[in-house]
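Enquirer: Sequence isn't available, so here's the structure alone:
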């Protein structure tokens, strides 16, 4: 940040004078260029905004530790009295939460394998092989990134129920083996194109096939991009509600975490157990936030690629 | 490139090229298959279903344009369009402006940027269901956080989820909590603007406001445009909030379009009608995107695109 610093020395001498006669002389743009005013303004707004953004999280945590009675105290208390950790145990045990976690992890692992292999395979074709019709298909790929997935929800349900896939995890996993999502292909293709062509030359001369080059040379180099995609897939699968709602809602033994939390709302015969719901919601949010903090670098990388080269 | 030159010298160039095409198509075949099986196929099935009355139990009954007639006479169809347009027209522009503003401010504070960026971004990765559960409690009339805050500054409590005119503002507010996702995209864009341009602007005597209008906004316009398109497409697909928090009510005030498709398809099992609604949504989003490209796209400033 060189700009503000040079500006500060330049306007430092005049800033006091400007402030004193602010009421009479200063227009809005002049005020913006006043270094002191500007820094206070930026800090105040960002800090206030951060508090607003963080408040719901605090509320969630605080409510998840209240008793069934104290959660209905008004005005609400930020520090629960008493602090009831057993809400988490209850939320975990009143319904087979461990089973839901396991169900979700099964879908998640399948999707991770599907997306990482399938998307990188297609991306390699788009990035490194020149063949007739490639640009047309790449255009179609970009169009499907934009296409609202919701449009095919009904006919897909019709087809999947015709072939007996309702009440199985197949509709939630099998499609990922076919390309692994247009956005993921796009992201990996961008990455593959940044790798120098010379990397594969020696292998070509040795007579290696494209598959060998893809698998042995390019894939190991693409680890950062693959990590980004793996994380997005984790968030997407863990958070997905529509898919499980359409295909798994009839059998409580097949619920995912998201579906079970939605069903949990109405589980107590007309009375909403906000204390347990808040504890269950916290348990669902924590893994996502944990992954975010562990892999923040890859998040930012993925966002930069999606936003700026899109 | 070197390889390419070498190759053309090899014998049988025709078969080489053919083999190359074959390899290329082999690599992208999963995508082509997936596109045909899970997009084109279902879309055609949906187009065919629009002409039938079918509840998935009885055999489909051909009714020609019957579903179209039903749609044009369906008050809830218009209501769901109105509701979705309301949500889109408010949440997208407000979200775009607010997140751009925040990204601008954040871009100036280099040292604390990582902390702020994290705090603002976190809400956008909260799972939709957990989000819905959390917000239905925040918006609770008697014991919710929002009314407690209003009450503490002397404002009256609002029955957010019971009053038809307040349910939508409540959901828009909730959707704005997740503006960090857009903000982070802006931030990445802002950090890509070369510093030399600001220095040049400063030498020309431009203040903060002038360099915002003349440097930042033109250079950011492709990113703003990208966020606009993504925002519009996303806003038309809102479902979970309406489904879990309000159930489309009160008095259909939050009957989002996708929620209405879901109801027709998976609650009333009116597959023909639901397919028609899905196709209409597709055309609406398509037309809207084209319009935005045509009328907003012309204001987008593109540098010499090297890639």
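Expert: That came through fine. Just so we're clear, the structure is a prediction, and the values are computed from it rather than from any experiment. Numbers count the residues shown, from 1 in each chain, chains lettered A, B, ... in the order given.
Enquirer: all helices for the stretch 51-200 of chain A, in order.
Expert: In the stretch 51-200 of chain A, the helices defined using DSSP state H, counting those that start in this stretch lie at A:86-93, A:97-128, A:134-146, A:153-162, A:170-173, A:182-194, A:198-205.
Enquirer: TSV for those, including mean neighbour count, distance to chain B and mean pLDDT?
Expert: All C-beta spots, glycine's among them, are computed from the backbone N, C-alpha and C. Output for the helices of the stretch 51-200 of chain A, formatted as TSV (neighbours: other C-beta atoms under 10 Å in any protein chain shown; distance: least, C-beta to the nearest C-beta, whole Å; pLDDT from 0 to 100):
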stretch	mean neighbour count	distance to chain B	mean pLDDT
helix A:86-93	17	11	86
helix A:97-128	21	3	94
helix A:134-146	15	6	89
helix A:153-162	21	4	91
helix A:170-173	20	10	94
helix A:182-194	22	6	88
helix A:198-205	13	6	79
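Enquirer: Export these as JSON lines, with columns for distance to residue A:27.
Expert: Below are the helices of the stretch 51-200 of chain A laid out as JSON lines (distance: least, C-beta to C-beta, whole Å):
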{"stretch": "helix A:86-93", "distance to residue A:27": "55"}
{"stretch": "helix A:97-128", "distance to residue A:27": "52"}
{"stretch": "helix A:134-146", "distance to residue A:27": "43"}
{"stretch": "helix A:153-162", "distance to residue A:27": "53"}
{"stretch": "helix A:170-173", "distance to residue A:27": "58"}
{"stretch": "helix A:182-194", "distance to residue A:27": "45"}
{"stretch": "helix A:198-205", "distance to residue A:27": "57"}
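Enquirer: To residue B:155, which of those helices lies closest?
Expert: helix A:86-93 (31.0 Å; C-beta to C-beta).
Enquirer: helices and strands around that closest one, which ones?
Expert: Under the contact criterion of 3 or more C-beta pairs under 8 Å, 6 or more residues apart in numbering or on different chains; DSSP states H and E, helix A:86-93 touches helix A:274-294.
Enquirer: what's the offset of the helix it packs on from the middle of its chain?
Expert: 14 Å (C-alpha atoms, centre = their mean, to the nearest Å).
Enquirer: Output the below-cut-off pLDDT ranges for the stretch 201-307 of chain B.
Expert: B:303-307 (pLDDT under 70).
Enquirer: got it, and the stretch 1-150 of chain B?
Expert: B:1-14, B:109-110.
Enquirer: Could I get the full set of helices for it?
Expert: Taking DSSP H, counting those that start in this stretch as the test, the helices found in the stretch 1-150 of chain B are B:2-9, B:13-35, B:41-49, B:66-72, B:75-108, B:113-121, B:128-138, B:145-152.
Enquirer: Count the residues that sit near residue B:128.
Expert: 20 (other C-beta atoms under 10 Å in any protein chain shown).
Enquirer: In contact with the closest residue in space to it that isn't next to it in sequence, which residues?
Expert: Leaving aside its sequence neighbours, residue B:128 sits nearest to residue B:240 (C-beta to C-beta, 6 or more residues apart in numbering or on different chains; 4.1 Å). By C-beta atoms under 8 Å, 6 or more residues apart in numbering or on different chains, residue B:240 lies in contact with A:241-242, B:128-129, B:131-132.
Enquirer: So for residue B:137, which of the helices of the stretch 51-200 of chain A sits nearest?
Expert: Smallest distance to residue B:137 across the helices of the stretch 51-200 of chain A (C-beta to C-beta): 13.7 Å, for helix A:86-93.
Enquirer: contacts for that closest one?
Expert: Applying C-beta under 8 Å, 6+ apart, the external contacts of helix A:86-93 come out as A:64-66, A:97-98, A:275-280, A:282-283.
Enquirer: From those, list just the buried residues.
Expert: Neighbour counting with 16 or more other C-beta atoms under 10 Å in any protein chain shown marks A:64-66, A:97, A:275-280, A:282-283 as buried within these.
Enquirer: Closest residue of the stretch 151-300 of chain A to chain B?
Expert: Residue of the stretch 151-300 of chain A nearest chain B, by C-beta to the nearest C-beta: residue A:178 (2.7 Å).
Enquirer: Please name the spatially closest residue to that residue (chain neighbours excluded).
Expert: Here the residue nearest residue A:178, using C-beta to C-beta, 6+ apart, is residue B:34, at 2.7 Å.
Enquirer: what's the neighbour count on that neighbour?
Expert: Burial of residue B:34 is recorded as 24 neighbouring residues (other C-beta under 10 Å).
Enquirer: how far away is it from residue A:163?
Expert: 16 Å (C-beta to C-beta, to the nearest Å).
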